[in-house]
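1. give the three-dimensional model of this entry:
(3 chains)
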Amino acid sequence: MRHWTLVELAQYLDAELVGAADYPVSGISTLVAAQPHQVSFLANMKYASQLADCGAGAVIVHPDQAHHFVGNKLLLANPYLGYAKLSALFAPATSYQGIHPSAVVAQSASLAADVVVGPGVVIGEHVRLDKGVSIGPNCVIGDHCIVGAQTCLAANVTLYHGVILGQRNLIHSGAVLGADGFGFAKDGVDWVKIHQLGGVVTGDDVEIGAGTTIDRGALDDTRIGNGVKLDNQVQIAHNVVLGDYTAIAGCTAIAGSTILGKNCTIAGACGITGHLHLADGVHVTAMSLVTHSIKEPGAYSSGTGLDDNHKWRRNAARFKQLDQMAKRLKQLEQELQKFT
Amino acid sequence: MRHWTLVELAQYLDAELVGAADYPVSGISTLVAAQPHQVSFLANMKYASQLADCGAGAVIVHPDQAHHFVGNKLLLANPYLGYAKLSALFAPATSYQGIHPSAVVAQSASLAADVVVGPGVVIGEHVRLDKGVSIGPNCVIGDHCIVGAQTCLAANVTLYHGVILGQRNLIHSGAVLGADGFGFAKDGVDWVKIHQLGGVVTGDDVEIGAGTTIDRGALDDTRIGNGVKLDNQVQIAHNVVLGDYTAIAGCTAIAGSTILGKNCTIAGACGITGHLHLADGVHVTAMSLVTHSIKEPGAYSSGTGLDDNHKWRRNAARFKQLDQMAKRLKQLEQELQKFT
Amino acid sequence: MRHWTLVELAQYLDAELVGAADYPVSGISTLVAAQPHQVSFLANMKYASQLADCGAGAVIVHPDQAHHFVGNKLLLANPYLGYAKLSALFAPATSYQGIHPSAVVAQSASLAADVVVGPGVVIGEHVRLDKGVSIGPNCVIGDHCIVGAQTCLAANVTLYHGVILGQRNLIHSGAVLGADGFGFAKDGVDWVKIHQLGGVVTGDDVEIGAGTTIDRGALDDTRIGNGVKLDNQVQIAHNVVLGDYTAIAGCTAIAGSTILGKNCTIAGACGITGHLHLADGVHVTAMSLVTHSIKEPGAYSSGTGLDDNHKWRRNAARFKQLDQMAKRLKQLEQELQKFT
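-> Modelled structure (predicted):
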């Protein structure tokens, strides 16, 4: 287990150290659970009272809260960001090195010298893996894919042919990039497949969650901007464009040809219908359905609140009478006006 | 890159060619992006103005719109259908041939002579793969499965034992067919598993999207009709029956034993509860919840529209008072009647 | 095909046999479809009339309903539970035995003598597989995982490093356990990854559906209680805790750090937002969104009922006026009071 001294961590975080410079730590934990060999952090003021009993070897804390903790401190204006940066030090490395002999790599594929390819991986014709790429066990990479430097695919990821990934992407297990978009033309009752001839292109610093699917474009590409973060089981249909730094939580589905701006946050289990355009800085709350374009930044919602099932049943029944209720209300107002 | 002359395309599409018969093209593109070596098409009248500046080598267009374009034309009554048919010519073929030596094929499996089995595939006992079947890398096919002629499994598809696929199916990566339906009997607080003894049977010309799951039946089979199209991350529970040519968009979930008619379209992110029966020609809009059977064809919806979060909060709060509001409205009407 | 005599089944089920003790059966079926070599059962009184024409070799039935059937009977107080127990006898066994030579097993892994490891499986460093464990084809098991006795992974399951599974778990294909939780700290417009250092720990007798994802904790573990049953495509975010015997239907998503009590049932396509606490015995109906903690057991719901699309449009438009309608109603009541 690797150790760091607090002075090393202070330099890494650009934090002010108050305490023992050579004190060694080897992990991170919450304020409640931290042990003397671990660092902790105070990111939310409502937990400030936990500092008094905190057993951490050091705490990352805002200077204004430093007086709550008597032990070693790393002072930072944004302790949560400090925690995020620190977490990188303690992430375990993969145990695979080099190209595993059970991997099937096409002769025409071009792999940088330091690439890691796990057991059971299948790499198609004319694939290019740049420096520092790591491909987890049993991944399948279709013909003509390009994987940018330092990008990491966890186990069991599938890239169809011609998918282009930027640098420093992290793609989680079960993700499928480049499957056919859902396109058919009606021919009587029958559906005639529209073969999907576009691709999928991701920017740099993209993270894609487990089981997330991003379809290839019909003619143009489906495009994922720089710094986009997608949670698990997100569905991105063909020709969608996601602006830089937009983040989308689990189980949200975005239909074809919709364009999201930059710096949007879409909560979990949302739906966004096709051919829409959402401005930069749009925030959608959980399980909302977006059916029209949004021109102004801001927060948007749909749905009803949770209620006791019996009360909800009565109210939901009235929802079906709502237009009639509105008309009766209008009529009452008009009748009452006769008296006044 | 394969080329086609316009007269070849006109014959393939059964279209009327207006222009240079031996003009060569090698791709398709949108009206805006098309180059001289590409064909484009006008499927939606709102884009007709793009024909004037379109750089395509030829355009598929309805005869009534032909005058908008001065170049080569392929005249068709349904240009969108023409585009769909044309797209098949430009789809790339897989680079795998034959049975890859790294595939593990049971001795008792029966494979047609021209079957393609990719690297890392595992094929169980007594499996039958018919003519022209293609199995992508790292697929797993359980014992006693039957895969009909010309059916294609992309990489990383899983078929449990006894799954029967029709002809010309296309199953995308990450799809799982034949996992256990979600069935348990309560024994006090404990759940006793109901082993799922039925199968999954698909018709011909079925397409199943990436990450879609279709559970095996409890006793009878889960059945997917001819020409059914399922998008990504659809969930089909045990004993569901989908009628011919029904199409279901991404992330929709259908609970156990529900039967959908023919020619239904279910939009994305819908839920359909169990033991229902939906008629032929039912259309459900995005993120609707269906909780009762539907006897009449037509369009159905649930939910509320999207709104600014602040306005939505106020309205959603009132939803919980809706039954009270209805009663107060009724009382007002009665009181006012006393005056009239 | 294995046969059982009715007296064997009566002993196995602890049922009272009325009929031929040595009558042989080899399968289960529904009342409508059962053949003489099969057992059937009456679990729902509305199907009692089907007993008259039932062709089953024997029927599991409540003593009060026994008079409806003239053939062999197995009398039980809970026929549905009897069916569940009986179903286990007829489930087919996997055809793999031992450790397949194509599996890649790290030297430091520790496998019990009777473990089954299918073709293409990859097992990381320091993994421990206990007695009776079965790992399906092409699964990937990360470093330092522990898999409890009799636990079964179907094909194409992914466990990231350090996942700990209890005894008698059943994990279906496409499931991903231990992927990174969705955690980032904002640094200007950029997102800085919070490396997820916790794990995933499941209790005993857990079943996890196809395509379901359970993320590892940020610092602590994500924990799944004993006897928990998760359907397909469920999303469990980091640090979620699921109480014992809680069951969650397909496509439901639970956001980070939320705690569910014991014996809860969450229907399909629900969303539960983060940092909530749900009591024991909470039941949530399909496609509901839970946005606040629930202290009392009971049934909860949100959303609106399904309606004809035209009627729904009018009512949904009125939903956006609901707060105004409530205010107008209040004003009418006040004005009317002047007259009374």
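
2. if we look at stretch A:34-51, which residues are touching it?
-> Stretch A:34-51 has contacts (C-beta atoms under 8 Å, 6 or more residues apart in numbering or on different chains) with A:9, A:24-32, A:54-62, A:65, A:68-69, A:74, A:79-80, A:82-83, A:86. Every residue, glycine included, has its C-beta placed from N, CA and C.

3. what about burial for these, which qualify?
-> Among those, those classed as buried by neighbour count (16 or more other C-beta atoms under 10 Å in any protein chain shown) are A:9, A:25, A:27-31, A:54, A:56-62, A:65, A:68-69, A:74, A:79-80, A:82-83, A:86.

4. same for chain C: which of the residues you listed are within range?
-> Restricting these to those near chain C by C-beta under 8 Å from any C-beta of the partner chain leaves A:27-30, A:80, A:83.

5. between these, which is closest to residue B:247?
-> Comparing these against residue B:247 with C-beta to C-beta picks out residue A:80 as the nearest, at 44.9 Å.

6. OK, contacts around the closest one?
-> Taking C-beta under 8 Å, 6+ apart as the contact definition, residue A:80 lies against A:41, A:43, C:185.

7. same check on residue A:237?
-> So, once contact is read as C-beta under 8 Å, 6+ apart, residue A:237 ends up touching A:181-182, A:215, A:222, A:253-258, A:274, B:231-232, B:250.

8. make it 7 Å
-> The neighbourhood of residue A:237, defined by C-beta atoms under 7 Å, 6 or more residues apart in numbering or on different chains, consists of A:181-182, A:215, A:254-256, B:250.

9. identify the residue nearest residue A:326 in space, chain neighbours excluded?
-> Nearest residue to residue A:326, sequence neighbours excluded (C-beta to C-beta, 6 or more residues apart in numbering or on different chains): residue C:318, at 4.8 Å.

10. average pLDDT for the host helix or strand of that neighbour, rounded please.
-> Per DSSP states H and E: residue C:318 is located in helix C:309-319. Averaged across helix C:309-319, the pLDDT comes to 95.

11. go through the helix or strand just after it and flag the buried ones.
-> Downstream of helix C:309-319, the first helix or strand assigned by DSSP H and E is helix C:322-339. For helix C:322-339, burial by neighbour count (16+ other C-beta under 10 Å) applies to C:322-326, C:328-329, C:332, C:335-336.

12. one more: stretch A:103-113?
-> A:103-106, A:109, A:111.

13. what sits against residue A:250?
-> Residues A:209, A:231-234, A:268, C:182, C:235, C:237, C:253 are the ones in contact with residue A:250 under the rule C-beta under 7 Å, 6+ apart.

14. now do the SS call for it.
-> What DSSP: H, G, I helix; E, B strand; the rest coil gives for residue A:250 is coil.

15. how many residues are close by residue A:297?
-> Residues lying near residue A:297 (other C-beta atoms under 10 Å in any protein chain shown) number 14.

16. same check, this time on the one 3 residues further on
-> Here the count is done by other C-beta under 10 Å, and residue A:300 has 21 residues near it.

17. list the beta-bridge partners for it.
-> On the basis of DSSP bridges, residue A:300 is bridged to residue A:284, residue B:308.

18. wait, what's in contact with it?
-> For residue A:300, the contacting residues are A:282, A:284, A:288, A:290, A:294, B:306-309, taking C-beta under 7 Å, 6+ apart as the criterion.

19. and residue A:81, by the same measure?
-> With contact set as C-beta under 7 Å, 6+ apart, residue A:81 has these partners: C:185, C:187, C:192.

20. among those residues, which lie within strands?
-> Judged by DSSP state E, strands contain the following of the contacts of residue A:81: C:185, C:187, C:192.

21. hang on, the earlier thing: buried stuff in the helix holding residue C:318?
-> Within helix C:309-319, the residues that qualify as buried are C:309, C:311-313, C:315-316, C:318-319, counting by 16+ other C-beta under 10 Å.

22. mind putting the residues you listed into TSV with distance to residue B:130?
-> Output for these, formatted as TSV (distance: C-beta to C-beta, whole Å):
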residue	distance to residue B:130
C:309	42
C:311	48
C:312	46
C:313	48
C:315	51
C:316	49
C:318	56
C:319	53
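
23. that's all I had, so thanks and see you.
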